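> compute the structure for the input listed below.
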Amino acid sequence: MHYEREAPRRDNLDHYGFFDPGHPGYYGPFTPIDGNNLTLGSLSPYIAAQGSVTHFFRYYLGWRRDEIYFNNEDRITPRNSFEKWVGVNSPKATVSFLPKDAW
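The predicted structure is shown next:
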């Protein structure tokens, strides 16, 4: 099992007003555009098995499920907040043939 979590807070996106070439030292009013509290997490359970069927054939089987968690708390526009789990399965199978000289 593999687990990670990150939670950056007050991730702010701000914007200055339009640039005026007549006043290059003045950037205009400072406006907050977005401010979020984020939580990102991943959970990855896995299982594997290996063995041999005969002296000539060996196998390896594995399965991993990667789950990613998103929680976005929008502090400026709360209706844009969301929480979501997204996942993908990753199966693996390998069969090997070993000639008699490899034993």
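
> for this structure, where's the lowest mean pLDDT among helices and strands?
In the chain, no helix or strand scores lower on mean pLDDT, DSSP states H and E than strand 11-16, which sits at a mean of 69.

> avg pLDDT for the helix or strand following it?
Sequence order places strand 30-44 as the next helix or strand after strand 11-16, per DSSP states H and E. Here strand 30-44 scores 84 as its mean pLDDT.

> buried residues in strand 30-44?
Buried residues in strand 30-44, counted by 16 or more other Cβ atoms under 10 Å: 35-36, 43. Bear in mind the C-beta positions are built from the backbone N, C-alpha and C, glycine included.

> with stretch 71-89 instead?
71, 75.

> now do the end-to-end distance for that stretch.
22 Å (Cα to Cα, to the nearest Å).

> wasn't P8 part of a helix?
No. Secondary structure of P8 (DSSP: H, G, I helix; E, B strand; the rest coil): coil, not part of a helix.

> list the contacts of Y60.
48-50, 92-94, 96 (Cβ atoms under 8 Å, 6 or more residues apart in numbering).
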